[in-house]
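Chemist: Model the structure of this input:
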Amino acid sequence: MNPKPLIGRRIVVTRAREQQSEFTELLEGYGAEVIECPTIAFLPPKDWRTLDQALDRIGSYNWVIFTSANGVRFFFGRLRERGRDQRVLHGIKVATIGPATAAALQEAGIHPDLVPGEYRAEAILEALDRDLQGMRFLIPRAAEAREILPAGLRDRGAEVEVVPVYRTVGVTDESGTVLADLRSGQIDAVTFTSSSTVVNFAEMFPGEDLSVLFKGVTIACIGPITAETAGRYGLAADVIPSAFTIPSLAEALVTHLANRTPPPR
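Modeler: Numbers count the residues shown, from 1 in each chain. Take a look at the predicted model:
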């Protein structure tokens, strides 16, 4: 097997700047030239009131569900700012979506009780009991997120509190360079690792016909939810890995591009 199957390929990574290193290193390890174009950044919420109130009554919850590594980072950061630590979760069950979130939680000193095999909110619902009457759930997450998880828990009788622990904002620093490369056919693939990266990437180019701009460019999405968002902008996903992780996305991209001849440059 060619150890550098992506030599000659130019691939755009749209993750937040602080999250790019793992993906960039994987792609460069396969020989790709990576163009880092962060489309989002993560900031604390405008105020911590709702999380602080939830922390004051943390013992009243039966479950805490973390849906992203960022949620873990901001939750425990605020906990430490208030002079407390992971011991406040003693006796409370904890669930995460995906191995990256579980790893972040373990770094914080907590071993999750539930990590479903499929890395999306629907899998959490499938793993829990049908009857959740009397159960109380806390979901620390982004200010903007899908409502399927809290809605599904409430439908089963649970009491659910959703508290924003961070917010996602758009970043456009590299938009001019990437636009020029797309127009001149210098990009082989654009990767999206969340719906937010899709939305903010598409909104970098107001007035552009994305179907023309992306002609011949491989669209790689980390999972079906991200692919669905891309589809709303007219970007059909060419690559969706079977496991919704960064290493799997890199491997799926290698497999896909191996069957396509690079354009002359």
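Chemist: Surely E18 is in a strand?
Modeler: No. Applying DSSP: H, G, I helix; E, B strand; the rest coil, one finds E18 to be helix, outside a strand.
Chemist: quick one: contacts for it?
Modeler: F42 (C-beta atoms under 8 Å, 6 or more residues apart in numbering). Bear in mind the C-beta positions are built from the backbone N, C-alpha and C, glycine included.
Chemist: Relative to E208, how far out is it?
Modeler: 28 Å (C-beta to C-beta, to the nearest Å).
Chemist: Which residue is the nearest non-sequential neighbour of T191?
Modeler: A220 (4.6 Å; C-beta to C-beta, 6 or more residues apart in numbering).
Chemist: Can you tell me what sits against the host helix or strand of the one you found?
Modeler: In this assignment (DSSP states H and E), A220 forms part of strand 218-221. Under the criterion C-beta under 8 Å, 6+ apart, residues 188-192, 198, 227, 230, 235-240, 249, 252-253, 256-257, 260 lie in contact with strand 218-221.
Chemist: Relative to T245, how far out is the residue nearest the centre of the chain?
Modeler: Nearest to the geometric centre of the chain sits S194, at 4.3 Å (C-alpha atoms, centre = their mean). In this view, S194 and T245 are 13 Å apart by C-beta to C-beta.
Chemist: Quick check: neighbours shared by the two?
Modeler: Contacts common to S194 and T245, judged by C-beta under 8 Å, 6+ apart, are I222.
Chemist: ok so, going back, report pLDDT for the residue nearest to T191.
Modeler: A220 carries a pLDDT value of 98.
Chemist: quick one: it from L182, how far?
Modeler: Computed as C-beta to C-beta, the A220 to L182 distance reads 15 Å.
Chemist: Can you check the distance spanned by stretch 127-140, start to finish?
Modeler: End-to-end distance of stretch 127-140 (C-alpha to C-alpha, to the nearest Å): 19 Å.
Chemist: Could you find the closest non-adjacent residue to A121?
Modeler: A121's closest residue in space is L149 (C-beta to C-beta, 6+ apart), at 4.0 Å.
Chemist: Assign that neighbour to helix, strand or coil.
Modeler: Secondary structure of L149, per three-state DSSP, is helix.
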